[in-house]
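> For reference, the sequence and a predicted model appear below.
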Amino acid sequence: MNESENNFEPLRRLLALKRYEIPPPGYFDRFSSQVISRLRAGEAGASRAIAEPSWWLRLLQAFEAKPAFAGTFASSLCILLVFGIVYAERPEGIMPNSPVFATVSQPVASLVSATMSGPAPSSQSTGLMINTNPVLSLEPAPSLFGQQNPLVQPINVSFPISGN
Amino acid sequence: MIMAEPAERQDAESPAPVDEEQLVRRARRGDLGAYDELVRRYQERIYATIYHMTSNHDDANDLAQESFIKAFQALKTFKGGSSFYTWLYRIAVNKTINFLKQRKNRSHMSLNDLDFNAEHDPDLVALISDKTPRREAGLTELQEKLNAAILKLSEPHRLVVVLHDVQGLSHDEIAKIMDCNIGTVRSRLFYARQQLQGYLSDYLRPA
C-alpha cells in the first residue's frame, strides 16, 4: 500500500493544489447568516419545493431515464383510450342493464307520461290554460332505493281568466 | 484567504464532542443561535467538498446552503449514531450526487480564480517550472486541466479523491460518510488515482 502511495505522490501533490481554489472574499463571513436568515424567513419549505421536482417533473425524468417505462405508460394510455371509446359507443348494451339507470329512469318516465297523457280539466273551465309544466324542474330527486320524494310533486297550474 | 489548507489538521482535531452534542440538542429544540454555530463550524469543509465535486461556485453555494437547511429540518431524525459532521457530510454528499446526476447533460465549468498564494506554493512552482514537460502551462490552464480530469471521474470515485486527497479525510471517515467499507474506499481511491494519472500525465513528474 505504501508503494502505491509513493507512486501516486506527484498526483497527490497536484491534487492538493485544489485547496487554493477559493470562494469570493468574505464569502464565509456571510454564509451562516444567509442560511439562518433563510431558515428564519421560512424559505426552507420553498427551497425544498424547488430542490425536489414536482410529480410531473419526476415522471418526465423517469421517462427520460427508462424509455421502456415511457413505452409501457403510453401503451396503457392507448389501451385505456380504445377501451373507453368502445365502451362509449355501446350504450345500448350497458345502460338498460345498469341498475342505476333502471331506478332513476322509472319515476321520471312515469311522471312525464302522467303529465303528458293526463286530462287537462282546467282547460275546460277557463278556456285558456297557462301550463307552466314544472315537471322537469321540480321532478323528484331520484332515489337509489326506488322511492319518490313525497314532498315534491308535479303540478299543473292554470289561471282562470276573468273579465268577460 | 487560503481555502481548505488546514483540512487535515481540522479533521484530526475534531471539535469537542460534548460541545457539539449540546449545540445539536439546542438546535434540535429550534435554537437558531446554536445552529448558526454549527454552520460556522462546518461551512468551509462542506462548501469545499461540494465545490470540488461540482467545480462551480454558484452550484456549490446553493447546494451547501440547501444542505445546511435540510440538515436543520432533519435534525429530529438525527439519532446520534454517528458524529454530527459525518451525518451532515452525508446529506451534502447525497444532495451533490443527486444534483450531478441531473446536471450530467449540462457541461459547463465556472471556475474560481486560484488564490494568489498558490503562486508561491513550491509544488506549483515546480510544476510550471522548466522541468515540467508543459512549460507553457500557466495557473489557469493547470487549474482547468485538473478540474476537467476530476470531472471525468464517476461521482463515487471523484468523491473519494476529493475527500481524501483534497480534503484530507481518512479512509475510515470516508467509509462512514459514503456508508461503505474501508476496502471499497481504498479500491475506489486506487482506481480514481490511476485514472487521474492517465489524464494528467503531462503535468506529473516522477517523485
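Yes, it's here. Numbering: from 1, shown residues only, chains lettered A, B, ... in the order given.
> What's opposite A:Glu21 in the beta bridge?
Per DSSP bridges, the residues bridged to A:Glu21 are B:Leu114.
> any idea how far B:Ile177 is from it?
Separation of A:Glu21 from B:Ile177 (Cβ to Cβ, to the nearest Å): 21 Å. Where you see a C-beta, it was placed from the backbone N, CA and C, and this is true even at glycine.
> in which helix or strand would I find B:Val93?
helix B:84-103 (DSSP states H and E).
> Show me what that helix is packed up against.
helix B:17-28, helix B:32-54, helix B:57-73, helix B:155-161, helix B:171-178 (3 or more Cβ pairs under 8 Å, 6 or more residues apart in numbering or on different chains; DSSP states H and E).
> let's see 7 Å
Where contact means 3 or more Cβ pairs under 7 Å, 6 or more residues apart in numbering or on different chains; DSSP states H and E, helix B:84-103 is packed against helix B:32-54, helix B:57-73, helix B:155-161, helix B:171-178.
> what's the closest of those to A:Asn7?
Closest to A:Asn7 of the helices and strands packed on helix B:84-103, according to Cβ to Cβ: helix B:155-161, at 15.0 Å.
> Can you give me the buried ones in that closest one?
For helix B:155-161, a neighbour-count test (16 or more other Cβ atoms under 10 Å in any protein chain shown) marks B:156-161 as buried.
> Likewise for stretch B:139-152?
Quick answer for stretch B:139-152 (16+ other Cβ under 10 Å): B:139, B:142-143, B:145-147, B:149-150.
> Check stretch B:63-74 too.
Buried residues in stretch B:63-74, counted by 16+ other Cβ under 10 Å: B:63-72.
> So which of the residues you listed reach chain A?
B:65-66, B:68-69, B:72 (Cβ under 7 Å from any Cβ of the partner chain).
> Tell me the one of those residues nearest A:Val82?
For those, the nearest to A:Val82 is B:Glu66 (45.2 Å; Cβ to Cβ).
> Please tell me how far that closest one sits from B:Gly183.
Distance of B:Glu66 to B:Gly183, given as Cβ to Cβ: 32 Å.
> what does A:Ser75 give?
To B:Gly183, A:Ser75 is 45 Å away according to Cβ to Cβ.
> Ok, A:Pro25 next?
42 Å.
> do B:Leu63 as well
B:Leu63 is 29 Å from B:Gly183, by Cβ to Cβ.
> what's the answer for B:Ile46, then?
For B:Ile46, the distance to B:Gly183 equals 26 Å [Cβ to Cβ].
> Have a look at these two and say which one is more surrounded.
Comparing B:Ile46 with B:Gly183 by other Cβ atoms under 10 Å in any protein chain shown, the one with more neighbours is B:Ile46, at 26 against 10.
> I figured the more buried one was touching B:Gln65, is that so?
No. Counting by Cβ atoms under 7 Å, B:Ile46 stays clear of B:Gln65, with 9.7 Å between them.
> So in chain A, where's the weakest helix or strand by average pLDDT?
Lowest on mean pLDDT, DSSP states H and E among the helices and strands of chain A sits helix A:121-126, with a mean of 47.
> Which pLDDT value goes with A:Glu9?
The model reports A:Glu9 with a pLDDT of 86.
> go on, the one 4 residues further on?
A:Arg13 is assigned 85 on the pLDDT scale.
> Tell me, how many residues neighbour it?
19.
> what helix or strand does it sit in?
With DSSP H and E as the test, A:Arg13 turns up in helix A:9-16.
> what about that helix, near chain B?
Yes. Using Cβ under 7 Å from any Cβ, helix A:9-16 reaches chain B at A:9-16.
> Specify the next element, helix or strand, located C-terminal of that helix.
Next helix or strand after helix A:9-16 toward the C-terminus (DSSP H and E): helix A:27-40.
> In terms of secondary structure, what does that following helix contact?
If you count contacts as 3+ Cβ pairs under 7 Å, 6+ apart, helix A:27-40 packs onto helix B:32-54, helix B:57-73.
> Please determine how far the residue nearest to B:Ile97 when sequence neighbours are not counted is located from B:Val185.
Nearest residue to B:Ile97 in three dimensions, chain neighbours excluded: B:Glu155, at 5.0 Å (Cβ to Cβ, 6 or more residues apart in numbering or on different chains). For B:Glu155, the distance to B:Val185 equals 14 Å [Cβ to Cβ].
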